[in-house]
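**Student:** here is my input, please return the structure:
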Amino acid sequence: DKKAKFRAWKASQVPLPVPDRREMIAALKSEVEPSLRESGFTGSFPHFRRLGPSKTDCVTFQFDKYGGGFVVVLADGPAEEFVFPWGERVPAAKLTAHDLGGVARLATGPRPDGEQWFRYDTGADKACDSAARAVKALLPQVEAWFRGERHQHNIQSAI
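**Tutor:** Down below sits the predicted model:
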């Protein structure tokens, strides 16, 4: 019967090994976090911020709830504190890109249609290391974006 054949075929298929989120986080901490720290960012994974005299730069890593991918969310906020419309106050030292509405996303491809998700579920060897190196290679564009140069090849508006 067709169903039995399908079940037998499906049972014989070997699923691709997909690294779990912990492996991807470890690769980002090893490859990207030191560069963020060298650039003056503080905080702990997944939220980093750089306090400045006139603004606060925020970088947040957001993972796909189904696994296998993540985005890098960028935002800049006030230097002192952010006040939500309902009155809640968040000091700059605690701000995240999510608090500020995630103004932009670092994309793997060029604007405006570039893929925004960095994938590590590709089945390729060292997929986590490759995704982390891809983010690190784009950090100069992140720095330029935070300097006010908003038209970067791999940064897209999230709004």
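
**Student:** spatially central residue in this structure, please.
**Tutor:** In the chain, the centroid-proximal residue (Cα atoms, centre = their mean) is residue 72; its distance is 2.2 Å.

**Student:** and the average pLDDT for the lengthiest helix in the chain is what?
**Tutor:** As assigned by DSSP state H, the longest helix anywhere in the chain is helix 127-146. Average pLDDT, helix 127-146: 96.

**Student:** ditto for stretch 40-47
**Tutor:** Computed over stretch 40-47, the average pLDDT equals 97.

**Student:** and stretch 152-159, by the same measure?
**Tutor:** Stretch 152-159 comes out at a mean pLDDT of 85.

**Student:** check which residues of that stretch are buried.
**Tutor:** When neighbours are counted by 16 or more other Cβ atoms under 10 Å, the buried residues of stretch 152-159 are found to be 152, 154-156. To be clear about C-beta, it is placed using only N, CA and C from the backbone, and glycine gets the same treatment.

**Student:** nearest to residue 43, of these?
**Tutor:** Each of the buried residues of stretch 152-159 was scored against residue 43 by Cβ to Cβ, and residue 155 proved nearest at 20.1 Å.

**Student:** wait, residue 42 touches residue 52, no?
**Tutor:** No - counting by Cβ atoms under 8 Å, residue 42 does not reach residue 52; the two are 11.8 Å apart.

**Student:** that older thread, give the pairing partners of whichever helix or strand comes after the longest helix of the chain; include direction for each.
**Tutor:** Counting by DSSP states H and E, the next helix or strand C-terminal to helix 127-146 is strand 155-157. Listed by DSSP bridges, the sheet partners of strand 155-157 and their directions read strand 104-106 (antiparallel).

**Student:** residues contacting the partner strand, please?
**Tutor:** 71-75, 116, 135, 138, 141-142, 145, 150, 154-158 (Cβ atoms under 8 Å, 6 or more residues apart in numbering).

**Student:** chain center to stretch 136-145: distance?
**Tutor:** The chain centroid and the centroid of stretch 136-145 are separated by 13 Å under Cα atoms, centre = their mean, to the nearest Å.
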